[in-house]
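Trainee: just to be clear, the model below is a prediction. Sequence and coordinates:
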Amino acid sequence: MSQAVLDQCVAAFELFTKDTTDQLLGVAELDLVLRALGQEPNPKELGEIMQGYGSKFGKMNLDDFLELMQQQIRANTSDRNADSLPAATIAFFAEAFRLFDKDQDGYLNMDELKNALSLIGQDGSAEELMVASDANKDHKLDFDEFVEMMKDIDV
Ligand SMILES: [Ca+2]
Ligand SMILES: [Ca+2]
């Protein structure tokens, strides 16, 4: 798994365990993450994944999650061009973008970008990232610009 993909998986894990005190992924949260990554697990599959990868009963820590993602990515990308982002990654970005786009206008403005950066634990300057990523200079990020930004930053 490349560093960029690893970073994305860590970001996904942190995004979806953000509100919990134990920093472990429960079944409901695992369901959300997998859906964000473009999968549609049924309850039985979720149970099996938890059983196979979880380290505590019904819970998964970051290491367990990365092991699972490694398996998934290997399964998903075996016949893809290594340079293109896996579909699961694009799906994750799309879900993240939807979450960050609070007013649902299809763009991330400066406030939404700041909020997004704090959610993913990035304390870089939102102003600088906006300037660097805003390809068409309309002072907001559309989805394509967002994807380019996510590929560049170290989450
Ligand atoms: Ca918006
Ligand atoms: Ca723009």
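Mentor: Cool, got the structure. Ligands and ions are numbered 1, 2, ... in the order given.
Trainee: wait, isn't Glu95 in contact with Ala36?
Mentor: Yes - Glu95 lies in contact with Ala36 (C-beta atoms under 8 Å); the separation is 3.8 Å. The C-beta positions use only the backbone N, C-alpha and C, and glycine is treated the same way.
Trainee: next, Gly26: phi, psi?
Mentor: phi -90, psi 180 (degrees, to the nearest 10).
Trainee: distance of it from ligand 2?
Mentor: 37 Å (C-beta to the ion, to the nearest Å).
Trainee: cool, Glu29 as well?
Mentor: Following C-beta to the ion, the distance that separates Glu29 from ligand 2 is 32 Å.
Trainee: so how far is the helix or strand where that residue lies from its chain's centroid?
Mentor: Here Glu29 sits within helix 27-36, counting by DSSP states H and E. Per C-alpha atoms, centre = their mean, to the nearest Å, the displacement of helix 27-36 from the mean C-alpha position of its chain is 11 Å.
Trainee: show me what the next helix or strand after it is packed up against.
Mentor: Sequence order places helix 43-53 as the next helix or strand after helix 27-36, per DSSP H and E. Applying 3 or more C-beta pairs under 8 Å, 6 or more residues apart in numbering; DSSP states H and E, one finds that helix 43-53 makes contact with helix 27-36, strand 59-60, helix 62-77.
Trainee: surely Asp22 is in a helix?
Mentor: No - counting by DSSP: H, G, I helix; E, B strand; the rest coil, Asp22 is not found in a helix; it is coil.
Trainee: okay, the helices and strands packed on helix 43-53 in JSON lines with mean pLDDT next?
Mentor: Putting those into JSON lines (pLDDT from 0 to 100) gives the following:
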{"stretch": "helix 27-36", "mean pLDDT": "83"}
{"stretch": "strand 59-60", "mean pLDDT": "88"}
{"stretch": "helix 62-77", "mean pLDDT": "76"}
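Trainee: re the thing from before, buried stuff in the helix holding Glu29?
Mentor: Using 16 or more other C-beta atoms under 10 Å as the test for burial, helix 27-36 gives 27, 29-31, 33-34, 36.
Trainee: how about stretch 137-155?
Mentor: 140-143, 145-147, 149-150, 153, 155.
Trainee: that one and ligand 2, are they touching?
Mentor: Yes - under the criterion of C-beta under 5 Å from the ion, stretch 137-155 makes contact with ligand 2 via 138, 145.
Trainee: how far is the helix or strand harbouring Phe92 from where the chain is centred?
Mentor: Secondary structure from DSSP H and E places Phe92 in helix 87-100. On the basis of C-alpha atoms, centre = their mean, helix 87-100 sits 6 Å off its chain's mean C-alpha point.
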